[in-house]
Every structure is written in structure tokens, then in C-alpha cells.
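> below are the sequence and a predicted model; questions follow.
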Amino acid sequence: MYVGRDTLSWEPVETLKKAYQENKLEDYLIANTKCVDVEKMLEWKNNTGSFWNFVDKLHLLIRTGQMVTDINSVSKQQRDILEEIGYGNLHSIELIETLRYRFGEPEMPVTQEYLTICKAAKPFESLKSMIEAYHPDYVFVLSWIEKNDFFDGTDFEWQENMYRDRDKKYRAVYLSKKYKTKVVWTLHPNAMWRKGLTKDETQDLMEFLANTYRMLESKYK
């Protein structure tokens, strides 16, 4: 399972407003679940820094051991593997800074309506709800920020000896005694260029994360 930051432009904001006004927030959530499929994952690509480009390549690397250099030309077998991908977000509703950027309104106010919607979405933003819904073996969180409430209601602990934030390798690992799920936390792909990662260094990070998966598989089978 792969967890991003928020749902940039998945559904028009009008869909959210309508669901709120009609007191049917589940309509918005259902609409978002239908928004992403393999076709969209491959459509939202640029072979450099997009979220789905990174996720697609990392997943194929983990599953096949081969680095895909051009996501524009994947085989049917590779597409079938991409069907396995589950996803979530640290924020179910677009962050206010995302909305300000999307609409070009840097002074867009934080309204009570917006806060109410965010509060209603909170239960969908926890690791516990994701585990109970999908039972993933691994959760890769792609957003190098602290969000401790993500772990609320669980016993996951940070593994200090596995932490890395140097040499353009970023990784935090969280393990649980109760759950078999293992959490690997790293950079958001759109932040990689800000950290100075070149295309080759981004691929090196993918290899590092794939090796982390293999190491955890070997150590905690």
C-alpha cells in the first residue's frame, strides 16, 4: 500500500461542496475511490517526479526485481502487477495550501465549512483504519513530514537503528508487535528535486527502498 499527502485534483471541489451541502460526505469518498486506476496511474506520469510515476516504478521493482526506466511502455504483465497497488492519503481532503495553489488564490480563507469536512474525514486518515480495511503487508508513506496522529490507536514504534536521512537516502521504519504490517516512510516524489536528487539519484532511492523491503522480508518472516 502506498500513502501520499492529499488528493490533488482527484475530484472537482464542487463534488465535495455538493456532498457537504446534502450531508452526504460518503458520496465524495466513493467518488474518490473510483478516481484512480491503472490507466490513471499511467496517465499521470512524466518519468521524473510525479507521485504515481514513482509508485509504479517502485512497485514493479519490488515485485520483479527490475527497474523500469520508461513507464510509458509497460507490458501487459507489468500492468497486471500494477493492479495490485492500494493507496491512501495522510489527508483525505485537499490541504488548504493545495486548494490555494490549484485555484491560484493564495489568500483563500479557511472556512468553518472546510474545517467541518476535514474533521469528518479524520477517521480515514489513520494507519489503523487502513490496516483494518486492507490488511497490507507493507505501507510506504511518501511524505517526509511528521504526522504522529497517523499512528493513533496502534503500537507502532520507530526503529531508530533503521533511520536514514543522509547521502540522499531517506527512510524511517515503524514496526508493531500487534500487526504484521510494516511501515516505511520516505520522501514525496515531488519533493525530491527540492532535496537536490537527480533522476539517477531518485532511482537509487527506489533501489534503497526496494532493498529495505527485502531486508524486512528476510528479517521478519
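In hand now; what should we look at?

> please make it C-alpha for all contacts and neighbour counts, starting now.
Fine.

> contact partners of stretch 187-196?
4-5, 49-51, 54, 142-144, 168, 170-171, 202 (Cα atoms under 8 Å, 6 or more residues apart in numbering).

> closest to Asp80 out of those?
Comparing these against Asp80 with Cα to Cα places Phe54 closest, at 17.1 Å.

> distance of the closest one relative to Asn190?
Per Cα to Cα, to the nearest Å, Phe54 is found 10 Å from Asn190.

> who has more neighbours, these two?
When neighbours are counted by other Cα atoms under 10 Å, Phe54 comes out ahead of the other of Phe54 and Asn190, with 22 against 15.

> ok, the nearest residue to Ser143 once chain neighbours are set aside - how many residues close by?
Using Cα to Cα, 6 or more residues apart in numbering and skipping residues adjacent in sequence, the residue nearest Ser143 is His188, 4.3 Å away. Using other Cα under 10 Å, His188 has 19 other residues around it.

> again with Thr186
21.

> tell me the contacts of it?
Per Cα under 8 Å, 6+ apart, neighbours of Thr186: 140-144, 170-172.

> in stretch 149-157, what's buried?
150-151, 156 (16 or more other Cα atoms under 10 Å).

> neighbours around the closest residue to Gly4 other than its chain neighbours, how many?
Distances taken as Cα to Cα, 6+ apart place Asn89 nearest to Gly4, at 4.6 Å, with adjacent residues excluded. Residues lying near Asn89 (other Cα under 10 Å) number 21.

> now the one 10 residues further on
Residues within reach of Leu99, counting by other Cα under 10 Å, total 17.

> for it, phi and psi?
Per-residue torsions, Leu99: phi -60, psi -40 (degrees, to the nearest 10).

> kindly report the same for the one 5 residues further on.
Here is the backbone geometry of Gly104 (degrees, to the nearest 10): phi 60, psi 30.

> cool, and Tyr163?
phi -70, psi 140.

> and for the one 10 residues further on?
With angles defined as degrees, to the nearest 10, Val173 shows backbone torsions of phi -120, psi 140.

> that one against Trp158, yeah?
Yes: Val173 lies in contact with Trp158 (Cα atoms under 8 Å); the separation is 5.9 Å.

> the two: which has the busier surroundings?
Ranked by neighbour count (other Cα under 10 Å), Val173 and Trp158 place Val173 first, with 21 against 14.

> name the element the spatially closest residue to that one that is not a sequence neighbour belongs to?
Nearest residue to Val173, sequence neighbours excluded (Cα to Cα, 6+ apart): Val184, at 4.7 Å. Following DSSP states H and E, the helix or strand that holds Val184 is strand 182-186.

> parallel or antiparallel, which strands does that strand pair with?
strand 138-142 (parallel), strand 169-175 (antiparallel) (DSSP bridges).

> would you map the helices across the chain?
Under the criterion DSSP state H, helices of the chain are mapped to 13-21, 25-33, 38-43, 51-64, 76-82, 96-103, 112-121, 127-134, 199-219.

> chain center to the longest one: distance?
What separates the centre of helix 199-219 from the centre of its chain is 16 Å, taken as Cα atoms, centre = their mean, to the nearest Å.

> quick one: list the elements packing against that helix.
Under the contact criterion of 3 or more Cα pairs under 8 Å, 6 or more residues apart in numbering; DSSP states H and E, helix 199-219 touches helix 51-64, strand 169-175.
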